[in-house]
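1. Take this sequence and fold it.
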Amino acid sequence: MARKIELPSLSPVSCLLSVFRFLHLNQRAFVKIAVCIKRVPEMDVKFKIAPSGVAVDEAGLKFDMSDFDGYAVEFALQTTEKLGIGEVVVISLGPDVVQETLRKALSMGVGRAVHLKADTVPMDGFAIAQALAAELKDGGYDLILFGKHAADSASGTVGLMTAELLGIPMVQACTKLSFADGKGTARREVEGGAEMVSFPLPAAASIDEGIARPRYPSLKGIMAAKKKPMDVKPAQLGAVRLSVARMELPAERQAGRIIGDGAAAVPELVRLLRDEAKVI
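-> The predicted structure is shown next:
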C-alpha cells in the first residue's frame, strides 16, 4: 500500500533562501586551477647549435611537456578528482606547435586549454609573465600552478613574476600541497630539512619532483582531447629586454686513461693526480 508523505510548505522567501544556500555551498566546493606549461625538447639527445648561434637546432628533436609541468598537471587533476568538482585549465605560450603539447594535457584529463600565440618564446621571463598575467587576471582561479623550472631555460622565474603581477602569494618548489578553509599548506625541501609554508587562496605555486607522477593518456582520453575546447589568443607579451647573445656547447671531455690494475697502479695514479690534475 502506498504511503503518503506530506512535506512542509515553504514560503517563496524560504525557497529563495534555500536556493542561495545551495549555490553558495557548491560555489565554495568548486575549485578552478590553471596550469602554465611549456613545450621543450626531450633532454636525452645530443643537441646542436642552430646556424644563427643563438638557438638550438630543432632538426630531428622530439618535443614534449616540461617534466615539472607534467607533475603540476597531474597534481591539479588529482586535486579536482578528490573534490569531485572543479576545473583544470592549461595555458601555454608559443607558436602553433605548442597546441600538440596542450592536446596532451587535455588527453590526460584537463578540461580546457588556452594557447597564447606568439611567433617565438622569448628568453625574457618577465615578458612571458606579463602575457600570462594578462590572461590569468580575470579568470577567477583559486590556484595557479607552474613547474619548478622549464627543462630548457631552467630559470624558474616566470611563476614568481606572474604571481607578483597578479598580487597573489607564491610558493616555490613544493613537494606537498594541501588545502582547507580557504588556505593552503606547502612543504618545500631545503638543505638539511624541510620547510612548511601556509598561505591564503587564491595563490600560485611551482611544483617540484615527488608530488605526483604524470599519468599516461589513455586511448579514450586521446580521442576525447580532440573535442575539448582550445582558445587561441594573441599573446600580450611585454617588452623583451633580455635576449641570447650567443650559445655554445661545452667542450668535449677528454677520453679516460687506463693506468694499470690493482695496487700496482696506485703510485702512478697518485703521481698523475699530483703533477697533472694538481688536485693533491
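
2. mind listing the strands for the protein?
-> Using DSSP state E, the strands found in the chain span residues 32-36, 39-41, 63-65, 87-94, 112-117, 143-147, 170-180, 183-190, 193-200, 203-207, 230-234.

3. For L201, list the residues it contacts.
-> Residues near L201 by CB atoms under 8 Å, 6 or more residues apart in numbering: D142, L143, F179, G182, K183, G184. C-beta here means a position set from N, CA and C on the backbone, and glycine is covered the same way.

4. buried subset of those?
-> For those, a burial check counting by 16 or more other CB atoms under 10 Å picks out D142, L143, F179, G184.

5. can you put those in TSV and add pLDDT and distance to T162?
-> Conversion of those to TSV gives the following (pLDDT from 0 to 100; distance: CB to CB, whole Å):
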residue	pLDDT	distance to T162
D142	95	15
L143	96	13
F179	87	20
G184	92	17
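
6. Considering the residues you listed, which is situated nearest to V244?
-> V244 lies nearest to L143 out of the buried ones among the contacts of L201, by CB to CB, at 32.3 Å.

7. Tell me the spatial nearest neighbour of the closest one, not counting adjacent residues.
-> Once flanking residues are discounted, L143 sits nearest to I33: 4.7 Å by CB to CB, 6 or more residues apart in numbering.

8. Could I get the contacting residues of that neighbour?
-> A76, T79, T80, G86, E87, V88, V89, Y141, D142, L143, I144, L145.

9. Correct me if wrong: the third one contacts E74.
-> No. Between T80 and E74 there is no contact, the gap being 11.3 Å when judged by CB atoms under 8 Å.

10. Looking at the strands of the chain, spot the one closest to I258.
-> In terms of CB to CB, the element of the strands of the chain nearest to I258 is strand 39-41, at 35.3 Å.

11. which helices and strands sit right next to that closest one?
-> strand 63-65, helix 98-108 (3 or more CB pairs under 8 Å, 6 or more residues apart in numbering; DSSP states H and E).

12. Off-centre distance for that strand?
-> Mean-position distance between strand 39-41 and its chain equals 12 Å (CA atoms, centre = their mean, to the nearest Å).

13. any chance you could map the helices in this protein?
-> Using DSSP state H, the helices of the chain run over 12-29, 67-83, 98-108, 125-136, 158-166, 219-225, 266-275.

14. Pull the number of nearby residues for I37.
-> A count of neighbours around I37, defined by other CB atoms under 10 Å, yields 27.

15. i'd like the first residue to be 51 from this point on
-> Happy to do that; since the first residue is 51 now, the last one works out to I87.

16. who's in contact with the closest residue to it other than its chain neighbours?
-> Excluding its sequence neighbours, the residue lying closest to I87 (CB to CB, 6+ apart) is D119, at 4.0 Å. Neighbouring residues of D119 by CB under 8 Å, 6+ apart: V85, C86, I87, K88, F196, G197, A200.

17. can you check V147 too?
-> Under the criterion of CB under 8 Å, 6+ apart, the neighbours of V147 are R89, F113.

18. tell me the phi and psi of G288?
-> Main-chain torsions, G288, degrees, to the nearest 10: phi -80, psi 180.

19. List the contacts of it.
-> Neighbour list for G288: D174, F176, A177, A179, Q180, A181 [criterion: CB under 8 Å, 6+ apart].

20. what about the stretch 201-330 of the chain, any weak spots by pLDDT?
-> Residues of the stretch 201-330 of the chain meeting the criterion pLDDT under 70: none.

21. Give me the pLDDT for L156.
-> pLDDT recorded at L156 is 97.

22. Grab the nearest non-local neighbour of it.
-> The shortest distance from L156 to any non-neighbouring residue, by CB to CB, 6+ apart, is to A275 (3.8 Å).

23. The one you found: neighbouring residues, count only.
-> Around A275 there are 20 other residues, counting by other CB under 10 Å.

24. Repeat that for D258.
-> There are 20 residues near D258, going by other CB under 10 Å.
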